[in-house]
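Student: Here's my sequence, what's the structure:
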Amino acid sequence: MRKALLPILVIVCSTMLLVRLFYLQIIDDSFKVKSENNAIKIKTEYPERGYVYDRNGKLLIANQRSYDIMVVPRNIKDFDTLAFCSLLNITKQEFDKKLNKAIIWSPRLPSIFIPQLTKVEYAAIQEKMFRFKGFYIQKRALRHYNTDAGANVFGYITEVNENTIQKNPYYKSGDLIGLQGIEQTYEEVLRGKKGVRYVQRDRYNREIGPYKEGIFDTIAVQGKDITITIDIELQKYGEELMKGKRGGIVAIEPETGEILALVTAPSYDPALLVGRNRSKNFTKLYNDSISKPLFDRGLLAQYVPGSTFKIMTALVGLQEEVIDEHTSFYCRHGFFYGRGAFMGCHDVGHNALIDAITKSCNTYFGNVYKRIIDKNKDAAQSMDVWSNHMKSAGFGAFLGYDLPTGRKGHIPDASFYNRYYPKGSWGSTTTISNAIGQGEVLATPIQIANMMVMVANRGYYYTPHIIKKIQGDTIPVKYTTKHVTTIDKKHFEPVIEGLLQVFQRGTAAHLQVDSLAICGKTGTAENFAKINGVRTQLTDHSIFAAFAPKDNPKIAIAVFVENGYYGARIAGPIATLMIERYVKGQVKRKTMEQRMMEYSLETEYAKYISGQPFQINR
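Tutor: Numbers count the residues shown, from 1 in each chain. Got it, this is the predicted structure:
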């Protein structure tokens, strides 16, 4: 048997090699196609990207026909270069630069020479292209926007770079790819699948028909349509209210975690990043380091949350049983703590939980926080307990939403303070500013909006997300999975009552909406910046967080207005106008609406640019 083993192996291996050679030479023509490359022209068929609709079925993003000038460097023949440059409205230097780039990519393969010609430009040159051997026109679909709002939500389409090409074999030089927003997150869904046509050429390089009657051709498959959670009318309304201001608005549906509006200000018209001027417009937006229109403040800006954070201080105090809803503290325009340190407050008198929320009493929440941290002899243990409660509500994390940008904010823990106080000389009084959303706490607008979702739902939330439907598919299960916090449900009712009273008789009493029970909290965050090397106090940030209606809530919202001063001054009116517009379908407070749309903070921002200190009018 051993003697026969070697001959058997030789026979089997020889047979396999013969079968493979027969398949490659007789049956499989793919290598023949490559070997006949000189006589075959490969044309890529680009699919249309999927359409995008808002939550109410309004078409937001479609496609428009565009045309690319392609070049195959090896096929270029002598021609009038200056006439060609004049036809395409480019300089000789630009021509040389583009051609060199194409040669480096491949002398034999086509690459984009000039992208995204409009229909008018195409009509002007199509009949003259025959003069310029090696160049031809390729049809392409570009984005067409049916709205001038939501640029930060949509993202944009751009040409792939070399790094992307190396990482992903799907993309070739000149291909387009989605960046930022839903265009990036859902790129594989929206882009579709490219097709390929093999075209036979004669010895004069003229096209004579499909190769092998098109048996190797593949059809381009259009991208899938998607429906996003954004209400485009609410989004546009928010952007109008934020004109002349800097900041962000995030509105979420508590029942589902669907993002209703994601406003950043200032913003830009998404159509600016389409067509031949895309690169020039993008450079201008990118280099605007003052207004930062490409900086999504709703997801990226990390603000001190101010008094809106008192909601969390109250909930943790109840959960840790250091207070109940009847526990009260006496306020004398603030209170002393530690070694003669003083936390100021605008209030005076005895306050229990509901009144403390209504009046936003610093004394009350400072004492609650002190009790939380002093509950255990080891402040580090208590700090970690406090920190874990905060993180269970989504603070200090990216939240897992389906947009490609964001920041975590900051929730300190014991290890954080141990690094700054290595001898352990810290405790409740050292960190007491955390009680009122100052200190080391940082939050993004979407985290504050998510906090209001959690309160509205009495202790849970769904991962905020912007996808509602995908054609022929389902959305990821993580967006329908409930996240339960560490705060028991029973503790939410007194806090919610306090938030309701904020509108009934508290800091937002002048912002009531007829027949609508809104629960909310004002916030004013101190704001410092270095001007000419000196730490200077600027006008405070205006913050407001709310949900409505009180029972069966439809919307939760957070509004941040940079340098807008106290919460009820600018952020509060904007938040309640947004709520009124969404819940009631119309706004009756026309005077307030007009005032907010016309109110501009550009004068204050100009002072910051010039290095002049702000005048804070108390």
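Student: Tell me the first helix or strand C-terminal of the helix or strand of the chain with the lowest mean pLDDT.
Tutor: The weakest-scoring helix or strand in the chain, judged by mean pLDDT, DSSP states H and E, is helix 30-35 (a mean of 47). Using DSSP states H and E, the helix or strand that follows helix 30-35 in sequence is strand 40-45.
Student: which parts of that next one are buried?
Tutor: Ile40, Lys41, Thr44, Glu45 (16 or more other C-beta atoms under 10 Å). Using the backbone N, CA and C atoms, a C-beta is placed for each residue, glycine as well.
Student: Dump the residues you listed into JSON lines; add distance to Ile311 and pLDDT as well.
Tutor: Output for these, formatted as JSON lines (distance: C-beta to C-beta, whole Å; pLDDT from 0 to 100):
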{"residue": "Ile40", "distance to Ile311": "68", "pLDDT": "76"}
{"residue": "Lys41", "distance to Ile311": "66", "pLDDT": "72"}
{"residue": "Thr44", "distance to Ile311": "55", "pLDDT": "81"}
{"residue": "Glu45", "distance to Ile311": "55", "pLDDT": "83"}
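Student: Closest to Gly134 out of those residues?
Tutor: Lys41 (12.1 Å; C-beta to C-beta).
Student: Pop out the phi and psi values for the residue nearest to the closest one when sequence neighbours are not counted.
Tutor: Nearest in space to Lys41, with sequence neighbours left out and distances taken as C-beta to C-beta, 6 or more residues apart in numbering, is Val199 at 4.4 Å. Taking degrees, to the nearest 10, you get phi -110, psi 130 for the backbone angles of Val199.
Student: Val199: what's it in contact with?
Tutor: Residues near Val199 by C-beta atoms under 8 Å, 6 or more residues apart in numbering: Ile40, Lys41, Ile42, Lys43, Glu207, Gly209, Pro210, Tyr211.
Student: any idea which of these is least confident?
Tutor: Model confidence across these bottoms out at Glu207, which has 69.
Student: Pretty sure Ala299 sits against Ile446.
Tutor: You called it Ala, but residue 299 is Leu. Yes - between Leu299 and Ile446 a contact is recorded at 5.8 Å, counting by C-beta atoms under 8 Å.
Student: Those two: which is more packed in?
Tutor: Each of Leu299 and Ile446 has its neighbours counted (other C-beta atoms under 10 Å); Ile446 has more, 28 against 24.
Student: Could you confirm the more buried one falls within a helix?
Tutor: Yes - counting by DSSP: H, G, I helix; E, B strand; the rest coil, Ile446 is found in a helix.
Student: contacting residues around it?
Tutor: Val250, Leu262, Gly298, Leu299, Leu399, Tyr401, Gly406, Pro464, Ala558.
Student: who's in contact with the third one?
Tutor: Gly298 is in contact with Asn152, Gly248, Ile249, Val250, Leu262, Val263, Thr264, Thr444, Pro445, Ile446, counting by C-beta under 8 Å, 6+ apart.
Student: Identify the bridge partners of the residue nearest to Lys41.
Tutor: Val199 forms beta bridges with Lys41, Pro210, as assigned by DSSP bridges.
Student: try Cys519
Tutor: Phe547.
Student: repeat for the one 4 residues further on
Tutor: According to DSSP bridges, Ile543 are recorded as the beta-bridge partners of Gly523.
Student: I figured it was touching Ile311, is that so?
Tutor: No - the pair Gly523 / Ile311 is not scored as a contact, 9.9 Å apart, by C-beta under 8 Å.
Student: Between these two, which contacts overlap?
Tutor: Common contacts of Gly523 and Ile311, defined by C-beta under 8 Å, 6+ apart, comprise Ala545.
Student: More neighbours: which of those two?
Tutor: Neighbours around Gly523 and Ile311, counted as other C-beta under 10 Å, are more numerous at Gly523. The numbers are 33 against 29.
Student: what's the spacing between the closest residue to Asp80 other than its chain neighbours and Asp78?
Tutor: Distance criterion C-beta to C-beta, 6+ apart; nearest residue to Asp80, sequence neighbours excluded, is Arg131 at 7.7 Å. For Arg131, the distance to Asp78 (C-beta to C-beta, to the nearest Å) stands at 11 Å.
Student: Looking at the two, which one has more neighbours?
Tutor: Set side by side, Arg131 and Asp78 show more neighbours around Arg131, with 13 against 6, by other C-beta under 10 Å.
Student: show me what contacts the more buried one?
Tutor: Phe79, Asp80, Ala83.
Student: Show the residue spans covered by the helices in the stretch 401-550 of the chain.
Tutor: Secondary structure of the stretch 401-550 of the chain, counting by DSSP state H, counting those that start in this stretch: helices at 414-420, 445-456, 492-504.
Student: any idea of the mean pLDDT for the longest one?
Tutor: For helix 492-504, mean pLDDT is 96.
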